[in-house]
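Colleague: compute the structure for the input listed below.
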Amino acid sequence: MDVLQNLGMLLGGSWASGVNLYLTVAGLGIADRVGVINLPGSLDTLSNPMIIAAAVLLYGVEFFADKIPYVDNLWDSFHTVIRPAGATVMGYMAMSGMSPAAQTSIALLCGFVSMDAHLTKATTRVAINASPEPFTNSIASVTEDGLVIAALWLIAKHPVIAAVIVISFIVFSIWFLRVMFRFLKKVFKFVFKGGEETPQQPG
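Modeller: Next comes the predicted model:
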């Protein structure tokens, strides 16, 4: 069961990192520090007050940047490397004490899950910014933060369920990303051609 729980924690944490790395790091660190969860391997380093403080500070910056149209796209573009890299490092730390092959394999898995979540978020935000009204960004941002908090709760209380949900999300995202990329291709074609045709909403 410990293996399943740790797998659920790693998959859930990697997915959450792909959506909001800093909120995930702060949440895991605080949860470990107060004894709600026991982070595996050397991942308990996240409970260090300095790391928690840094994560909270960076989350504060992202909280505002994530709600401004087009600024959120720029922020996401910077984090295309940062979020998956963060999840990869956390996966590697969680497997400290295991063989290098196990550490590397889990690290790569965590990075993949995080990248999948990040791409789903980023492409959704680009599609949202195709709309002229600015309020959808704030709604999407708050919803994403809520999903990260829900994922952290599942990690602490029901890690196996968290793993099942993440696997299901990956399967869903394969279809979703194909739809979104086709939609965004139409949007960019519409923009560069000067509005000769009206892009359809994704569906």
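
Colleague: give me the low-pLDDT residue ranges for the chain?
Modeller: 1, 132-134, 183-203 (pLDDT under 70).

Colleague: 90 instead?
Modeller: 1-7, 67-70, 73, 96-97, 123-138, 173-203 (pLDDT under 90).

Colleague: could you check how far Leu43 is from Ser99?
Modeller: 17 Å (C-beta to C-beta, to the nearest Å). Using the backbone N, CA and C atoms, a C-beta is placed for each residue, glycine as well.

Colleague: which one's the longest helix in this protein?
Modeller: helix 159-192 (DSSP state H).

Colleague: rewinding a little: which of Leu43 and Ser99 has more neighbours?
Modeller: Legend: neighbour count by other C-beta atoms under 10 Å for Leu43 and Ser99, higher for Leu43 (24 against 9).

Colleague: and that one, helix, strand or coil?
Modeller: helix (DSSP: H, G, I helix; E, B strand; the rest coil).

Colleague: verify the contact between it and Met93 for me.
Modeller: Yes: between Leu43 and Met93 there is a contact at 4.6 Å, judged by C-beta atoms under 8 Å.

Colleague: I'd like the next helix or strand past the helix or strand hosting Ala117.
Modeller: When elements are assigned from DSSP states H and E, Ala117 belongs to helix 100-128. Later in the chain than helix 100-128, the nearest helix or strand by DSSP H and E is helix 135-157.

Colleague: report all helices and strands that that next one contacts.
Modeller: Helices and strands touching helix 135-157, by 3 or more C-beta pairs under 8 Å, 6 or more residues apart in numbering; DSSP states H and E, are helix 2-19, helix 21-33, helix 100-128, helix 159-192.

Colleague: which one of those helices lies closest to Ala85?
Modeller: Among these, helix 100-128 comes nearest to Ala85, with 7.1 Å by C-beta to C-beta.

Colleague: got the angle for that closest one vs helix 135-157?
Modeller: 150 degrees (axes from the mean of the first three to the mean of the last three C-alpha atoms, to 10 degrees).

Colleague: elements contacting helix 100-128?
Modeller: Taking 3+ C-beta pairs under 8 Å, 6+ apart as the contact cut, helix 100-128 packs with helix 2-19, helix 71-94, helix 135-157, helix 159-192.

Colleague: for it, what is the distance to the chain centroid?
Modeller: With C-alpha atoms, centre = their mean, to the nearest Å as the basis, helix 100-128 stands 7 Å off its chain's centre.

Colleague: mind listing what's buried in that helix?
Modeller: Within helix 100-128, the residues that qualify as buried are 103, 106-107, 109-128, counting by 16 or more other C-beta atoms under 10 Å.

Colleague: before we move on, what about stretch 74-92?
Modeller: For stretch 74-92, by 16+ other C-beta under 10 Å, it's Trp75, Asp76, His79, Arg83, Pro84, Ala85, Gly86, Ala87, Thr88, Met90, Gly91, Tyr92.
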